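I would like the atomic coordinates for the input below:
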Amino acid sequence: MNGVIECWLKPADAGVDRPFGDAAHCDFWRAAPTGRAVIMRGYQEDVQDTFAPRTIFDTTLPTWPLGEAVLHAEALAEQLAEDKDKVNVRLRVVYTGLSGRVLRAWASPMTDLFMEGGAARSDEAVLETVVPVKEIPSNLATDLHPLIASLFERFGVTGLSVERAEAELEKMLGNRTSVRS
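Numbers count the residues shown, from 1 in each chain. Prediction:
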């Protein structure tokens with residue numbers, strides 16, 4: 001469509017029979033030949049039965065998609081760029097609907113990233129960074145740490161260490177469904 005590729009993983013109520021047909025797994029994405037891409041995804045926290053939707057924001061779930069987005073951008077640069085070592089990834093992430101949510105360890109309650117915060121201080125978080133593609137494999141946690149820390153600060157949590165972000169990213173990299181498995 002208009003020179004871009006689009007994909008929408010439709011929800012179960014749209015007549016699609018698939019294992020995960022909820023808002024958290026019904027991604028919409030668009031990619032252009034120039035390397036620009038966008039993805040929209042719901043919150044996993046909002047599609048389970050343990051608590052009401054829009055009440056919590058998980059401590060570990062945001063780290064994985066941030067890591068996967070940067071790793072996908074690195075892979076795209078390898079395919080499209082004449083010299084990937086001269087390419088920078090510009091990542092902009094917008095979280096909306098944060099008001100009323102409290103930071104909690106839900107998806108991995110026994111993780112070493114366990115922490116809890118207060119209610120979100122704003123309804124939206126806009127996180128941005130520029131990462132040189134050549135540094136992504138060796139500096140993933142260091143590059144994403146400021147984004148994750150800034151996001152958690154909206155819930156009153158400060159002092160997130162790079163090591164905690166690195167531990168969660170290592171889990172992502174070891175997961176069989178991850179971009180790098």
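
use CA for all of it now, contacts and neighbours both
Will do.

Now do the residue most central in space within the chain against residue 52, distance only.
By CA atoms, centre = their mean, the chain has its centre lying nearest to residue 65, at 2.5 Å. Going from residue 65 to residue 52 by CA to CA, to the nearest Å gives 23 Å.

same deal with residue 62?
Distance of residue 62 to residue 52, given as CA to CA: 19 Å.

of the two, who's got more company?
residue 62 (18 against 11; other CA atoms under 10 Å).

This structure: strands as residue ranges?
5-8, 28-31, 37-40, 56-58, 88-95, 102-104, 125-132 (DSSP state E).

Residue 152 is nearest to which of those?
Among the strands of the chain, strand 102-104 comes nearest to residue 152, with 7.7 Å by CA to CA.

Now do the closest one, average pLDDT.
Average pLDDT, strand 102-104: 91.

what distance separates that strand from the middle of the whole chain?
Taking the mean of its C-alpha atoms, strand 102-104 sits 16 Å from the chain's own mean (CA atoms, centre = their mean, to the nearest Å).

name the helices or strands packed onto that strand?
Counting contacts by 3 or more CA pairs under 8 Å, 6 or more residues apart in numbering; DSSP states H and E, strand 102-104 is packed against strand 56-58.
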